[in-house]
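[1] Starting from these lines, generate the structure:
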Amino acid sequence: MIDAAIIPLKEHFSSLDDPRAQHSIEHLLLDIVLVTICAVICGADTWVEIENYGIAKQEWLKTFLELPNGIPSHDTFERMFARLRPEQLQQCFLNWVQAVFHLTDGQLISLDGKTLRGSYECGGKQGMIHMVSAWASQNRLVLGQRKVNEKSNEITAIPELLKVLDLNGVVISIDAMGCQTEIAAQMVAQQGDYVLALKGNQGDLHQDVEQLFDHAHRQNFRGIEHDFYETQEQGHGRQEIRRYWVMGKTEYLLGAEHWAKLTTIGCVESQRQVGDKMTCERRYYLLSLPPDATGFATAVRGHWGIENQLHWILDVGFREDQSRATQGYCAENLAVIRHLAINLLTQEQSAKGGTRAKRLKAGWDDQYLAKILAQVPTPSSKL
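    Residues are numbered from 1 along each chain as shown. Coordinates of the predicted model:
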C-alpha cells in the first residue's frame, strides 16, 4: 500500500536538481526530501526531530526508499535544504498539487502574506522571510507560494505567484497591498475575476468610493441601484452583524478607466457588540464581478480563511514562528514542505481532532500515514 501511496510524491519531486558535488553524495536527494515530508507530517519541526523520526522509522521507510547509507544526520538534512533551489521545490509542489487535487469550479483563491518570524538570523545578513501563499478556501488547499524579496514587498511577489496558477473561471481575493491596476489587469488577462480590498493607498479612488457609499447610506439607498446582504452571529458574549452592499456603474469613478473589468464597488460594515461596548467599521472593495451582495459576502468571508485555516494552523499546529531554520534556503524550503503536509492532513478526514492530533497519529500509526499519503489523482484537475 505504501509504495502506491508514495508514487505521486516520487514522480513529482524526482525532477529536483541535486546541488551537491556528485562524488560526495552518500544519501539520495529524493530520499532526503521524502523522509523530511513524512517526518513533518508526523510532527517533526526541527532538523534533529526529522533525523530522530528517520532513525525510529528506518525499517518502514526502507520499504519504499533506497536509503543506501541509512538515515542522514540532522546536519545533512539542513545542508541539503539550505542549498536546494526553492524555485524548483515550489514548482514540484505545484505540479504535485495540480496532479493530485481537484479544484472546485468557481473557486475562491485568496492571496496573502505571512512572515516566518523564526527565519531571522541573529547577527547575520538574513532578515525575516515573508512568503505569499495562494489558498483555495472551499477545498482548503495551498496552491502555491512565493517569497517576497527582502528589498521589496508583496506587490512584486503576487504577479509571480499568479503566473503559475490557472485562473480561468476563479475569483481571486487580495488585501489592500495587492490592490494595484497592474495586478488587476493580470488577473483579467488570465481569465480570472477579482475582489480587491481598497484602502488609502489608492488615494482619490478610495475617497471617491467612500463618498459614494456615504451618500447612499444617508439616502438609505433610496432610488440607488444596489444589492444588499446581512449576516448575524452571536456567541461567547459577542454579537456581530455584517452588512454587505454592492453598487455598479463604476464608469463614473475617478480613475476607473485604469482598472481592467471594474464593474462593481462593495462596502462591508461590521458592527460588533461585546457587553456594553459597540464598535462599527466599514471597508471598501473593487470587484470585476456583477453586483451580487451574497457572492460578495462569500468572497470577503472566504478571504479570512487564509488567516484562520492556513496561517493559524502553521503557527499553532506546526509552530512555524518558532522554527529556527536560518541557513541558506532552509526557511523557504521548509515552508513549502509544511504547505504540502497541510494539504495532505486537511484532505484526510477519517481521524478525529485537529492538525496536531493527526500529526501525532501519523507518527504512531504507519498505516494511517500511508493513508494520508495516498491521495488519489484526479484526471481533470483545474488548478
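[2] quick one: low-confidence parts of the stretch 251-383 of the chain?
    Across the stretch 251-383 of the chain, the ranges flagged by pLDDT under 70 are 375-383.
[3] all strands of it, in order?
    264-274, 277-287 (DSSP state E, counting those that start in this stretch).
[4] Pick the most deeply packed of those strands.
    For the strands of the stretch 251-383 of the chain, the largest average neighbour count (mean count of other CB atoms under 10 Å) is found in strand 264-274, namely a mean of 19. From N, CA and C alone the C-beta is placed, and that goes for glycine too.
[5] which other helices and strands contact that strand?
    Applying 3 or more CB pairs under 8 Å, 6 or more residues apart in numbering; DSSP states H and E, one finds that strand 264-274 makes contact with helix 203-218, strand 238-247, strand 277-287, helix 293-303.
[6] Now do the helix or strand following the last one: distance to the chain's middle.
    Read that as helix 293-303. For helix 293-303, the following helix or strand on the C-terminal side (DSSP states H and E) is helix 305. Chain-centre distance of helix 305: 10 Å, with CA atoms, centre = their mean, to the nearest Å.
[7] Kindly report the same for stretch 359-372.
    24 Å.
[8] Show residues contacting that stretch.
    By CB atoms under 8 Å, 6 or more residues apart in numbering, the residues outside stretch 359-372 that reach it are 1-2, 5, 38, 41-43, 53, 57, 60, 317, 341, 344-345, 348, 350-351, 353, 358.
[9] Buried members of those into ChimeraX, please.
    Buried members of the contacts of stretch 359-372, defined by 16 or more other CB atoms under 10 Å, are picked up in ChimeraX with:
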select :2,5,38,41,42,43,53,57,317,341,344,345,348,351,358
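[10] Distance to residue 329 added to the helices and strands packed on strand 264-274, as TSV?
    Listed next are the helices and strands packed on strand 264-274 as TSV, based on distance: least, CB to CB, whole Å:
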stretch	distance to residue 329
helix 203-218	38
strand 238-247	41
strand 277-287	36
helix 293-303	29
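[11] and among those, the most buried is which?
    Of these, helix 293-303 is the most buried (mean count of other CB under 10 Å), at a mean of 20.
[12] elements contacting that one?
    Checked by 3+ CB pairs under 8 Å, 6+ apart, helix 293-303 has strand 108-116, strand 171-174, strand 193-198, strand 227-235, strand 238-247, strand 264-274, strand 277-287 packed alongside it.
[13] Let me have the ones you listed in a markdown table, extended by distance to residue 362.
    Putting the helices and strands packed on helix 293-303 into a markdown table (distance: least, CB to CB, whole Å) gives the following:
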| stretch | distance to residue 362 |
| --- | --- |
| strand 108-116 | 23 |
| strand 171-174 | 32 |
| strand 193-198 | 36 |
| strand 227-235 | 32 |
| strand 238-247 | 36 |
| strand 264-274 | 38 |
| strand 277-287 | 40 |
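[14] Which residue lies closest in space to residue 190, excluding its sequence neighbours?
    Distances taken as CB to CB, 6 or more residues apart in numbering put residue 167 closest to residue 190, at 4.1 Å, once the chain neighbours are dropped.
[15] Contacts only, for that neighbour.
    Residue 167 sits next to 109, 187, 190, 191, 192 when contact means CB under 8 Å, 6+ apart.
[16] now swap in residue 274 and tell me
    Residue 274 touches 237, 238, 239, counting by CB under 8 Å, 6+ apart.
[17] Let's see that with 7 Å instead.
    By CB atoms under 7 Å, 6 or more residues apart in numbering, the contact list for residue 274 reads 237, 238.
[18] Just send the strands of the stretch 251-383 of the chain back as TSV, with distance to residue 95 too.
    Listed next are the strands of the stretch 251-383 of the chain as TSV, based on distance: least, CB to CB, whole Å:
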stretch	distance to residue 95
strand 264-274	35
strand 277-287	32
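[19] so which of these comes closest to residue 14?
    strand 277-287 (42.1 Å; CB to CB).
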